[in-house]
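1. Here is my input; please provide its structure:
(one chain, ligands or ions: 1)
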Amino acid sequence: MCGIVGYIGDRDISSVLIVGLERLSYRGYDSAGIATLSESELSCWKKTGKIHELSRFIDKLSIKGQLGIGHTRWATHGPTTEINAHPHVCGNGKKIAIVHNGIIENYASIKSDLQKKGYIFRSQTDSEVIGHLIAYYYKTEDSLLSAIKQCISKLQGTYSVAVISELDPNKIICFRKGSPLIIGLGSNENFVSSDINSIINHTKDVVYLEDSQIAIIEKSTVDILNESGKSVDFKVNHVEWDPNTSEKSGYDHFMLKEIYEQPHVIRKILSKYVSNNTIQFNHIDNSKIGLDSVRRFIIQACGTSWHSGLIGKYYIEKYARILTEVDISSEFRYRQMISHGNDLVLAISQSGETADTLACLREAKSKFFKVLSFVNVKNSSIDRESDGVIYSYSGQEIGVASTKNYLSQLLCMFLFSIYLGQTRGILSDKEYSDMITSVNRLPEYLEKILQNADKIKTISDKYYLSREFLFIGRGYNYPSALEGALKLKEISYIHATGYAAGELKHGPIALIDSKLPVVCVCPQTETYDKMISNIHEVISRKGKTIIIATEGDTRVKEFSDDIIYVPKAPDYLTPMLVSIPMQLLAYYIAINLDCDVDQPRNLAKSVTVE
Ligand code: M6R
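-> Next up, the predicted model:
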């Protein structure tokens, strides 16, 4: 989704901005641009398509400048065109350039007012109103900053914005509401970005701008103003970052690398939360979130994180016996929540910036619910605004399709559920300890599945030309089927649907014919026999069965067209085991179809607009 980068200092401006944009590109975008100020003169370059189109164009020029801003756009208002790309340059005489992430909800009325005043709009975006509003207020205000303050007072929606202008040429001015902005501090140079990844190669000292704050960034100073315009003290965070996470390290794609990282990630999570055969979430203040007296959890999340939440419900209800509801954030946000007291909202998010999940968190807090979040990106908005956080420790996930973080979320949900089960006396000491012993074997099981990748590749070679797939599962593995279908459709553009296998006969069975591949998630769990009956329903209609089964299961072998084995393990580990074959199946099918698996069309890694 859209990304912002900005720089002020002595380095080569175009290369800092272009490299910054490249490092934002994993988020998804369709056009890119930069604007620079050199000797008080503002220039701007924009291109549709990939960033190398822009950098190829810029390479031919000799761009000088002391400061600049750049942007990757993911179209929301207006198609992908050069004119709609950011920066937008406005101004009555002296130029103002703005870049914007988010959505200005009242842009239509602002635009029509400004048009009546004679302002000419070039783009179809909501963002352009910001530049014109600043220009409009500059006519009556005595400074760029005052004009920006007036502009902010008119904006509704979510935004993070960076502005440079010939009107005040030695600074970048930024502001935000509901969309992240980070300021990177250097020595005699400073940076701004919507994503730490784009500046981390230059500095690890960062400031997270808060909602309604304005930052005035000069070469050697940063001033942050609160809503009333007063300078405030700010906290400088030193960020730990492993540079290898931003490299493919010999893999063809980030997605493949991230799939293979999973055993390592699981070991890391276990080392963080399990010691001496005991689960500890020491960083959470149970009394602050009322964990000991919770009687209902409300899980809210989007996409893959929602699938983790669905499996989390099975875990929590089974092992801790606590009522758990699961909602898609964009739905939860607009329904009337009923508080029973003793409720706890669980927000699940890899990025910690998903607009709907963040909005639900805020909505819940405004209604006095406490929020415990499961988040991967430290210091993200959801991390900072939650009452407690369980980190999923999967490291930076660059592929747009969530893989390693999904597994991490499942493990964290599982550990959380048995932690609750043990503290509430639902699980006996032996049950609890046996579960920890088996979960410790998870990395070894995953390694074994990864050794079978060639087999999965061969299966994908057989099916990649199918134009639709069905995924079915039961119990814990009903959400696994939803996730398998999501993974396939998002990176291969093949239509895929996930269903609870028991629902087949209530409609989707009509789809089955000899051309339809049906991925049957059928490890040996307590719903195994029921699942076998559902597979027979598929076979009777001549559907092609790709069965994910438990090693040694000879029964399913008799009627599968293709079979992928996962190691024998307790029921509760099966959603984690079956996820890898489905990730690999989606990956190899997408590769066969020559799709851009790391940056699938239309998708963004972090969905920061509603
Ligand atoms: O960062 P989040 O976990 O909040 O993101 C939620 C979804 O946007 C995300 O899981 C999306 O569905 C992925 N592309 C799935 O692979």
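2. Every contact and neighbour count from this point should use C-alpha atoms.
-> Noted.
3. which residue ranges form the strands in the stretch 351-500 of the chain?
-> 370-375, 388-391, 468-473, 495-500 (DSSP state E, counting those that start in this stretch).
4. Quick one: the ones you listed as TSV, columns for mean pLDDT, distance to Y334 and mean neighbour count too.
-> Formatted as TSV, the strands of the stretch 351-500 of the chain follow (pLDDT from 0 to 100; distance: least, CA to CA, whole Å; neighbours: other CA atoms under 10 Å):
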stretch	mean pLDDT	distance to Y334	mean neighbour count
strand 370-375	96	18	26
strand 388-391	96	24	22
strand 468-473	98	30	25
strand 495-500	97	25	20
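5. Of all the ones you listed, which one comes closest to I548?
-> Of all those, strand 468-473 sits nearest to I548, with 9.9 Å by CA to CA.
6. how about the residue of the chain positioned farthest from its centre, phi and psi?
-> The centre of the chain is farthest from one residue, T140, which by CA atoms, centre = their mean lies 41.5 Å away. Main-chain torsions, T140, degrees, to the nearest 10: phi -110, psi -20.
7. circling back to that earlier point, will you turn the strands of the stretch 351-500 of the chain into CSV that also has distance to I217?
-> As requested, those are arranged in CSV below (distance: least, CA to CA, whole Å):
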stretch, distance to I217
strand 370-375, 30
strand 388-391, 31
strand 468-473, 51
strand 495-500, 47
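8. just for the stretch 301-450 of the chain, where's the confidence low?
-> In the prediction, the stretch 301-450 of the chain carries no residues with pLDDT under 70.
9. what's the answer for the chain, then?
-> 242-245.
10. again, 80 this time
-> Across the chain, residues meeting the criterion (pLDDT under 80) sit at 1, 27-28, 59-62, 142, 240-247, 337, 604-606, 608-610.
11. what about the nearest residue to S351 once chain neighbours are set aside, neighbour count?
-> Nearest non-adjacent residue to S351, counting by CA to CA, 6 or more residues apart in numbering: V377, 5.4 Å away. If you count neighbours by other CA atoms under 10 Å, V377 ends up with 21.
12. returning to what we had before: mind giving me TSV with the strands of the stretch 351-500 of the chain and columns for distance to the ligand?
-> As requested, the strands of the stretch 351-500 of the chain are exported to TSV (distance: least, CA to the nearest ligand atom, whole Å):
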stretch	distance to the ligand
strand 370-375	8
strand 388-391	12
strand 468-473	16
strand 495-500	14
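13. Of all those strands, which one comes closest to L270?
-> Once those are compared by CA to CA, strand 388-391 is nearest, at 11.8 Å.
14. For that closest one, which outside residues touch it?
-> 281, 284-285, 289, 371-378, 383, 412 (CA atoms under 8 Å, 6 or more residues apart in numbering).
15. quick one: the residue nearest to S351 from the ligand, how far?
-> Applying CA to the nearest ligand atom, to the nearest Å, the value for V377 to the ligand is 9 Å.
16. ok, that residue to F191 distance?
-> Distance, V377 to F191, by CA to CA, to the nearest Å: 20 Å.
17. Give the buried residues for stretch 196-212.
-> Across stretch 196-212, burial judged by 16 or more other CA atoms under 10 Å covers 196-200, 203-212.
18. ok, now stretch 1-12?
-> In stretch 1-12, the ones that count as buried by 16+ other CA under 10 Å are M1, C2, G3, I4, V5, G6, Y7, I8, G9.
19. next one: stretch 506-516
-> Buried residues in stretch 506-516, counted by 16+ other CA under 10 Å: I509, L511, I512, L516.
20. thinking again about what came up before, could I get the buried residues of stretch 1-12 as a markdown table with distance to the ligand?
-> Formatted as a markdown table, those follow (distance: CA to the nearest ligand atom, whole Å):
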| residue | distance to the ligand |
| --- | --- |
| M1 | 10 |
| C2 | 14 |
| G3 | 15 |
| I4 | 18 |
| V5 | 20 |
| G6 | 24 |
| Y7 | 26 |
| I8 | 30 |
| G9 | 32 |
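21. among these, which are in strands?
-> Counting by DSSP state E, these place G3, I4, V5, G6, Y7, I8 in strands.
22. check which helix or strand covers the residue nearest to the fifth one when sequence neighbours are not counted.
-> It refers to Y7. Spatial nearest neighbour of Y7, excluding adjacent residues (CA to CA, 6+ apart): F191 at 4.5 Å. Applying DSSP states H and E as the criterion places F191 in strand 190-193.
23. since we're on Y319, how many residues are nearby?
-> Count around Y319 with other CA under 10 Å applied: 21.
24. what's the distance between it and the ligand?
-> Using CA to the nearest ligand atom, Y319 is found at 24 Å from the ligand.
25. G68 now?
-> 29 Å.
26. what's in contact with stretch 348-367?
-> Stretch 348-367 is contacted by residues 178-180, 299-302, 305-306, 309, 329-330, 332-333, 345, 347, 370-371, 373-378, 380-383, 386, 392, 405, 409, 606-610 when judged by CA under 8 Å, 6+ apart.
27. my bad, stretch 454-463
-> The contact list for stretch 454-463 (CA under 8 Å, 6+ apart) reads P517, D562, I564, P581, L584, L585, A586, Y588, I589, N592.
28. Within range of the ligand, give me the residues from the stretch 201-350 of the chain.
-> Within the stretch 201-350 of the chain, the positions adjacent to the ligand are C302, G303, T304, S305, S349, Q350 by CA under 6 Å from any ligand atom.
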